[in-house]
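Visitor: sequence plus the predicted model coming up.
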Amino acid sequence: MLTYCMRKRLFLLSRETLKPSVSPQHRRCESGGSMLELQHYISPGRTGRTGRRSTYGPLGTELKRNVLQQWWTAVVSLKPHVFGISTPCSTIDGGTLKIVDGEALGEQLKDLPEAQLKERLHKLFQHNQSLRTSLLQGALEQFVPSIELLNRKMPFGLAETGLCYQPEPGRADTIGCLTEVTKASLVWFCSPRTSSQWLDYWARQRLQWWRKFALGPSDFSICDVLSEELEEGASRGVKVLYQFPSGSETLETLWSFGDTKLLKTHHDSRAKVLCRDGRRSVVPHVLSVSANMDRGVLAFLFNSLQHVQKGDSKQRHYQRKVLKLHPTLAPVKVALDMGRGSTSELRQVCEGLLQEFLEAGISAWPGYLDTTYSSMESLHVKYDEMGVLFTVMITDSTLENGLLMVRNRNTTIKETMHISEIKQFLLKYISAAENI
């Protein structure tokens, strides 16, 4: 079981051609699966009975970590009435997705007649652990301990990120196979009279969050869920969508569930779940905000990938791929390389600067460790495809007067800076991007 299945999109990407855009200089890349694989964002998974699946490479893993961290900051750390929880991936209940030891199952069912076979299977599945398909139930179960902590005041929310399991969709040969999905969930408990306003509030907040980190914000949108598509028990729903090359897909879903699911979880004991709404005591309404973070990571990759038209001295034109990830999401903020010169001394400077960056929380790529000669142009191509914000070049001039060359990924402008200023410059740049 792996992360959200990306093979469909990567297959479509490999067949897509670039579509013309309004600007002749910059065109949003709608074909790029091979580049994403090449630069270690998405790696091809194993090909087996369930088909090819994809996992994260080193840069993709760091990107996903950054996306989850930003989600947690926006939804939990900056919200005084939202609290984090952690619940198990599996429970012994009536869930439909069960954990079964195939080898042990085969031994137990061996040579049993049909009547006993059905009975044994029923008992096994009844007592085996079930896998969660969402994070909602865990929050509902944590409601009573939470209101006791909060003196039964509302509104408040419970947030969690973690793995959920979903049946493999769309193919006859994948029946019984599961896909791991990383989800981020906020369950909001509020007064029945304000639940509709809160749903609108969280829908706006979530759309703004996705757009904040986007190169093309208009690719993210929201829409109401049609009445025939409402989840069981929901009176209203809202979707946050992203326009992939293959069509719009849901990144996040918001549901208004009323009080039914909460009461069912606590065995219809109204006294246990009553909260204060002014002078009255009421059963809260439940809003569920659930995001598929694997699909969200893929959306940011698509949204950030550009083909940039370039020309050389002989008037020949070519395209370069640039992954313009938001500064706070970019897995690598700065790449350190060194020019020709006193190799041992330049390497010492690079190592000292690298350690300084890492201690300051600035993710850095030690390009100077690669002893294979590469031209400056090929280095820039490599780092642009990796999405590296800045390239810092240490040369003999750095040894003489402390000056180094800094190249900006987005503008391609190179500027000279003193080595004592570079760390503060990067920190200010990243901080400014976070506060936009």
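Guide: Noted; the coordinates are in hand.

Visitor: list the helices and strands whichever strand or helix holds S344 packs on?
Guide: With secondary structure defined by DSSP states H and E, S344 is part of helix 343-359. Taking 3 or more Cβ pairs under 8 Å, 6 or more residues apart in numbering; DSSP states H and E as the contact definition, the neighbouring helices and strands of helix 343-359 are strand 334-338, strand 364-365, strand 390-394, helix 396-401, helix 422-434. (Glycine included, C-beta is placed from N, CA and C.)

Visitor: list the buried residues in that helix.
Guide: Applying a neighbour-count criterion of 16 or more other Cβ atoms under 10 Å, one finds L346, V349, C350, L353, L354, F357 buried in helix 343-359.

Visitor: can you lay out these as a markdown table showing pLDDT?
Guide: Formatted as a markdown table, the buried residues of helix 343-359 follow (pLDDT from 0 to 100):
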| residue | pLDDT |
| --- | --- |
| L346 | 93 |
| V349 | 94 |
| C350 | 95 |
| L353 | 96 |
| L354 | 96 |
| F357 | 97 |
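
Visitor: looking at those residues, which is nearest I222?
Guide: Minimum distance to I222 across the buried residues of helix 343-359 is 38.3 Å, recorded for F357 (Cβ to Cβ).

Visitor: thinking again about what came up before, show me the one of the helices and strands packed on helix 343-359 that comes nearest R409.
Guide: Taking Cβ to Cβ, strand 390-394 is the member of the helices and strands packed on helix 343-359 nearest to R409, at 6.8 Å.

Visitor: on contacts alone, who are the packing partners of that closest one?
Guide: The elements that strand 390-394 packs onto, with contact taken as 3+ Cβ pairs under 8 Å, 6+ apart, are strand 334-338, helix 343-359, helix 376-386, strand 403-408.

Visitor: tell me the SS of G233?
Guide: Going by DSSP: H, G, I helix; E, B strand; the rest coil, the secondary structure assigned to G233 is coil.

Visitor: show me the contacts for L207.
Guide: Contacts for L207 were tallied using Cβ atoms under 8 Å, 6 or more residues apart in numbering; they are F220, S221, I222, V240.

Visitor: which element is the second one on?
Guide: Element membership for S221 (DSSP H and E) is strand 220-224.

Visitor: show me what the very next helix or strand once past that strand is packed up against.
Guide: On the C-terminal side of strand 220-224, the closest following helix or strand by DSSP H and E is strand 236-244. In terms of contacts (3+ Cβ pairs under 8 Å, 6+ apart), strand 236-244 is packed against helix 195-212, strand 220-224, strand 247-258, helix 293-304.

Visitor: among the buried residues of helix 343-359, find me the one that's closest to T260.
Guide: The shortest gap between T260 and any of these belongs to F357, at 52.1 Å (Cβ to Cβ).

Visitor: mind listing what Y383 touches?
Guide: By Cβ under 8 Å, 6+ apart, Y383 lies in contact with A335, W365, G367, T391, R409.

Visitor: 10 Å instead, please
Guide: When contacts are counted by Cβ atoms under 10 Å, 6 or more residues apart in numbering, Y383 touches 39, 322-323, 332, 334-335, 337, 365, 367, 389-391, 407, 409.

Visitor: what does Q142 give?
Guide: Shown in contact with Q142 (Cβ under 10 Å, 6+ apart): F83, I85, S86, T87, L158, E160, V187, T265.

Visitor: from these, which land in strands?
Guide: F83, L158, E160, V187 (DSSP state E).

Visitor: just the CA atoms of the helix holding S344, as CSV, please.
Guide: Written as CSV, here are the backbone C-alpha positions of helix 343-359 (Å, rounded to 0.1, in the frame of the first residue of the first chain):
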residue,chain,number,x,y,z
THR,A,343,39.7,23.3,-4.2
SER,A,344,40.4,22.5,-0.6
GLU,A,345,40.0,26.1,0.6
LEU,A,346,36.8,26.7,-1.4
ARG,A,347,35.4,23.4,0.0
GLN,A,348,36.1,24.5,3.5
VAL,A,349,34.2,27.8,2.9
CYS,A,350,31.3,25.8,1.4
GLU,A,351,31.2,23.4,4.4
GLY,A,352,31.2,26.3,6.9
LEU,A,353,28.5,28.1,5.0
LEU,A,354,26.4,24.9,4.6
GLN,A,355,26.5,24.3,8.4
GLU,A,356,25.5,27.9,9.0
PHE,A,357,22.5,27.5,6.7
LEU,A,358,21.4,24.2,8.3
GLU,A,359,21.7,25.5,11.8
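
Visitor: which residues touch that helix?
Guide: Applying Cβ under 10 Å, 6+ apart, the external contacts of helix 343-359 come out as 333-334, 336-340, 342, 362-369, 371, 392-396, 398-399, 402, 404, 419, 422-423, 426-427.

Visitor: please indicate which of these are buried?
Guide: The neighbour count (16+ other Cβ under 10 Å) marks 333-334, 336-338, 362-365, 367-368, 392-395, 398, 404, 419, 422-423, 426 as buried among the contacts of helix 343-359.

Visitor: now do G138 against F300, distance only.
Guide: Taking Cβ to Cβ, to the nearest Å as the measure, G138 falls 27 Å from F300.

Visitor: and if you look at D277?
Guide: Distance check for D277 against F300: by Cβ to Cβ, it reads 39 Å.

Visitor: I'd like to know how many residues surround L163.
Guide: Taking other Cβ atoms under 10 Å as the neighbour definition, L163 ends up with a count of 14.

Visitor: what's opposite it in the beta bridge?
Guide: Here L163 sits in beta bridges with T182, going by DSSP bridges.

Visitor: need the contact list for it.
Guide: Listed by Cβ under 10 Å, 6+ apart, the contact partners of L163 are M1, T3, C89, L131, R132, L135, E180, V181, T182, K183.

Visitor: isn't L301 up against H326?
Guide: No - taking contacts as Cβ atoms under 10 Å, L301 lies outside contact range of H326: 11.6 Å.

Visitor: and the two? Which one has more around it.
Guide: Taking L301 and H326 together and counting by other Cβ under 10 Å, L301 has the greater number of neighbours (25 against 21).

Visitor: out of the contacts of L163, which are inside strands?
Guide: Checked against DSSP E, the contacts of L163 include these in strands: L131, E180, V181, T182, K183.

Visitor: show me which pair in those residues is furthest apart.
Guide: L131 and T182 (14.1 Å).

Visitor: would you agree G60 is in contact with L329?
Guide: No - at 11.5 Å, G60 does not count as touching L329 under the criterion of Cβ under 10 Å.

Visitor: what is in contact with these two at once?
Guide: Both G60 and L329 are in contact with V297, L301, where contact means Cβ under 10 Å, 6+ apart.
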